[in-house]
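Q: What follows is a predicted structure for the sequence shown.
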Amino acid sequence: MSEYSDKAEGKANQAAGNIKQGVGKLTGDKEMQREGQTQETKGDLQEGVGKVKGAVKDVIDDV
């Protein structure tokens, strides 16, 4: 994946995770809350990978 697709997919997973957590809290579904938290963390990591790819590309371009 490219830097931008990693960042976009990360943001999407963060948003979906937040929604799952909220629904889980409203319905008292602890499993859904955990799933949402896991998905949000996955999104954080994906976004981080995208940022690292961008930084590496910038360094390579400067060389």
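A: That came through, no problem.
Q: and residue 21, how many neighbours does it have?
A: 19 (other C-beta atoms under 10 Å). C-beta coordinates here come from the backbone N, C-alpha and C atoms, glycine included.
Q: mind listing what residue 43 touches?
A: 9-17 (C-beta atoms under 8 Å, 6 or more residues apart in numbering).
Q: Give me the buried positions along the helix or strand residue 48 falls within.
A: Using DSSP states H and E, residue 48 sits within helix 30-62. For helix 30-62, a neighbour-count test (16 or more other C-beta atoms under 10 Å) marks 32-33, 35-36, 39-40, 42-43, 46-47, 49-50, 53 as buried.
Q: would CSV of those with distance to residue 59 and pLDDT be doable?
A: Listed next are the buried residues of helix 30-62 as CSV, based on distance: C-beta to C-beta, whole Å; pLDDT from 0 to 100:
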residue, distance to residue 59, pLDDT
32, 41, 98
33, 39, 98
35, 37, 98
36, 35, 98
39, 31, 98
40, 29, 98
42, 26, 98
43, 25, 97
46, 21, 96
47, 19, 96
49, 16, 96
50, 15, 95
53, 11, 95
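Q: What separation do you get for residue 1 and residue 44?
A: Note on residue 1: its distance to residue 44, by C-beta to C-beta, to the nearest Å, is 16 Å.
Q: center of the protein - which residue?
A: Nearest to the mean C-alpha position of the chain, by C-alpha atoms, centre = their mean, lies residue 43 at 1.1 Å.
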